[in-house]
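Participant: Sequence plus the predicted model coming up.
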There are 2 protein chains.
Amino acid sequence: MPGAARFEVLVPPPADGSTRARLGRLELPHGVVETPQFMPVGTNATVKTLHPDEIETAGASIVLANTYHLYLRPGHERIERLGGLHKFMGWDKPILTDSGGFQVVSLGDLRVIDDGGVTFKSHLDGSTHRFTPEHSIAVQQALGPDVAVALDHPVFPSSPRRVVEDAMRRTHLWALRSLEAHHRTDQALFGIVQGGLDPELREESARYIASLPFDGINIGGLAGDETPEQRNATLDVTIPFLEGDPRPRYLMGLGSPLDLLEAVHRGVDMFDSVLPARVARNGQLWVPGGRLNLRNEQFRDDPRPVQEGCRCPLCTRFSRAYLSHLFRAKEMLAYRLATCHNLTFTLDFMAGIRAALRAGTFPAQLAELRQSAVRMSGGEGSNKPA
Amino acid sequence: MPGAARFEVLVPPPADGSTRARLGRLELPHGVVETPQFMPVGTNATVKTLHPDEIETAGASIVLANTYHLYLRPGHERIERLGGLHKFMGWDKPILTDSGGFQVVSLGDLRVIDDGGVTFKSHLDGSTHRFTPEHSIAVQQALGPDVAVALDHPVFPSSPRRVVEDAMRRTHLWALRSLEAHHRTDQALFGIVQGGLDPELREESARYIASLPFDGINIGGLAGDETPEQRNATLDVTIPFLEGDPRPRYLMGLGSPLDLLEAVHRGVDMFDSVLPARVARNGQLWVPGGRLNLRNEQFRDDPRPVQEGCRCPLCTRFSRAYLSHLFRAKEMLAYRLATCHNLTFTLDFMAGIRAALRAGTFPAQLAELRQSAVRMSGGEGSNKPA
């Protein structure tokens, strides 16, 4: 709803065209989000293993929660009765919910899509449900996040053009219906651009979604099965049609340092991904010099912190040897501490990008940042979960 | 080692014999432990799910770690190389390690006991190991807790008298050998009384163990398959032989509020148990009015905290409805928050007992405390894990 979100570009991209990266400030009902920004994912109204204080200490100013999951359990009406999602999960800073489209469409054989909406079976108990654009909005209005997102029809980037075109057309229909259904004045609504890897469809979709009174523009249909090169090329043919648009741009599903950097460079402001937390739970710790697999033998006797100088609850108190022991003993504290570290690392990486943008040194630092991000990503340049 | 522990009885039991409960103060190399006291269990050098700061905030002044588990993984020599157990697990307050006897003997078919020691197979990989009194002491000296415990031979309280007597005789032999093997001057050593439910054997064992220069006296062989009445009767025939002894008494393995209260009343100073944390992970929350099973349907819509006025991280921020949701979604945050609550509850219960002892009102308050403990224990008066 216009007015629920106020976005300001504090440092626009330089006139020389060396980058489309920009520094921004998004004001939402529950607080301010500096951009570019990464949003930790709290699928079930909890960022897995963490207390809200730890999420805040890690540096998060906004978290994402999943509409599909919360609709099924504990139920959006229950959360509404209990005072809304912020109160429910004990987090009083901004929250964004996705539309449920990605999860529902990802159910494969368990769903049928028509122009009216998506009929699907619950992954929990096999019961049948239907999401329409109107129902997705109703669920998100009941949940009460700062930002809701319009239902879309995502497809694999590699899909045939007629599939991509059909999904785009449906996404545009649903965008209009979502806007008509949305009425909460204390909640922003973002719309989603689709169009796969096709420059013509991306242009059409960007122009159309940007013509509607959304509070922000999501770049959908990426972070799928495309290569990083295809993704970058697609951003390069999409963002120009949003140039000068006074709204934040959000690319759903990117989480590796290199992916984040390349997308910021191409003009994206907001991101979310389970990647940093999921790889952490698998024992992969991100550090400036590369990635450490804490399950490797070499760390069992290593008295050093995971990352020298890191401010997180893992690195300020425990050794690599202790974390390695906790992973081997399958102790829950391992998953907590590792998640704290990787989220702190990712949020600090974004803070470093913002500092460079504020200082006007981002174009000059880009090569160095890219080199560092390549090392950190350690060959994991894409968003595929480990 | 005499000198590593200094125990002082601050408020002795009243002369009228209404209770043997006493208030004490145990000074150890890493800090002071007020008694009666409960020790949370950190089997694998971590109190399951919790950060050391949370253990401290819950009110713990000492934790227990398991020699058997740490010997097998990550290995006592590794922990010694890394600077000892305190540094390894990030906990700089007192630690007590058990002797490994209970775990090893509990292996059943996987172990053979002779007068020399216990030969057993690891539950992790089936490899063969041998614990002698000397080796248990060596392992505990390498780990470096404030308090080590002599290897004993525990048996089920219901065992035939000749089995109990044989185990007691062996425990006494091992007590002497443990004292001879122990040389760390910054580490206390406790010895264990055995004797099953037999008053004569208990007297013999209490007199013998008390005659040796241990820093504290463990009451072993209880918290097994005995009834609470049998346990209480056994304490009533054991403690008198320790009366006037200037050392702390520790009953291994008790954790329910009622069990703790009855043992304090009979003159025990220290306790440990996995019970509060284990039932918490199963969704059982202890509150003054009884026990709440957070998996029950009724809590899904309950906006109240688990316990009104409780100071723990669960009750000060989240509703029963949210915790119920986290348990249903099998989210790790559920286990963390529930563990924090039950440990806070148990430690506050012990603090309440200490306050009554300090005020001299314990005998007058006993009936009321007992009634309250019965409600809290909710029929779970024994130590059997849920």
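Facilitator: Perfect, thanks for sending it. Numbering: from 1, shown residues only, chains lettered A, B, ... in the order given.

Participant: how far is stretch A:59-72 from where the chain is centred?
Facilitator: Taking Cα atoms, centre = their mean, to the nearest Å, one finds the center of stretch A:59-72 at 10 Å from the center of the full chain.

Participant: If you could redo that for stretch A:114-128, that was the one I meant.
Facilitator: 24 Å.

Participant: Next, the residues that contact that stretch from outside, please.
Facilitator: A:72-73, A:101, A:104-105, A:107, A:110-112, A:129-133, A:135, A:151, A:170, A:173 (Cβ atoms under 8 Å, 6 or more residues apart in numbering or on different chains). C-betas here are computed from N, CA, C, even on glycine.

Participant: Just the ones of these in strands?
Facilitator: Using DSSP state E, the members of the contacts of stretch A:114-128 that fall within strands are A:R111, A:V112, A:H129, A:R130, A:F131.

Participant: what pLDDT does the closest residue to the fourth one other than its chain neighbours get?
Facilitator: Spatial nearest neighbour of A:R130, excluding adjacent residues (Cβ to Cβ, 6 or more residues apart in numbering or on different chains): A:T119 at 4.7 Å. With respect to pLDDT, A:T119 scores 95.

Participant: and A:Y250, bridged to which residues?
Facilitator: A:Y250 has these beta-bridge partners by DSSP bridges: A:N218, A:M270.

Participant: for A:H129, same thing?
Facilitator: Applying DSSP bridges, one finds that A:H129 bridges with A:F120.

Participant: which residues sit in contact with it?
Facilitator: Shown in contact with A:H129 (Cβ under 8 Å, 6+ apart): A:Y71, A:L72, A:T119, A:F120, A:K121, A:S122.

Participant: And the residues you listed, which is closest to B:V47?
Facilitator: Proximity of those to B:V47 (Cβ to Cβ) peaks at A:L72, which lies at 33.4 Å.

Participant: give the contact list for the closest one.
Facilitator: A:L72 makes contact with A:S122, A:H123, A:L124, A:H129, according to Cβ under 8 Å, 6+ apart.

Participant: What is the burial count for the closest residue to A:A150 other than its chain neighbours?
Facilitator: Nearest non-adjacent residue to A:A150, counting by Cβ to Cβ, 6+ apart: A:S178, 3.5 Å away. Neighbour count for A:S178, taken as other Cβ atoms under 10 Å in any protein chain shown: 28.

Participant: Surely A:S178 touches A:V139?
Facilitator: No. Checked against Cβ atoms under 8 Å, the pair A:S178 and A:V139 is beyond contact range at 11.7 Å.

Participant: Mind pulling up the pLDDT for A:G378?
Facilitator: With respect to pLDDT, A:G378 has a value of 58.

Participant: A:G126 too?
Facilitator: Looking at A:G126, its pLDDT reads 93.

Participant: Need the per-residue pLDDT for A:G290.
Facilitator: 88.

Participant: Could you do the one 4 residues further on as well?
Facilitator: If you check A:L294, the pLDDT there is 97.

Participant: now the helices: where do they sit in the stretch 201-350 of chain A?
Facilitator: Secondary structure of the stretch 201-350 of chain A by DSSP state H, counting those that start in this stretch: the helices cover A:228-238, A:257-265, A:275-281, A:320-328, A:332-359.

Participant: Return the list of helices and strands in contact with the worst-scoring helix or strand of chain A on mean pLDDT.
Facilitator: Least confident helix or strand, chain A: helix A:101-105 with a mean of 86, by mean pLDDT, DSSP states H and E. Here helix A:101-105 touches helix A:67-72, strand A:111-113, strand A:118-121, going by 3 or more Cβ pairs under 8 Å, 6 or more residues apart in numbering or on different chains; DSSP states H and E.
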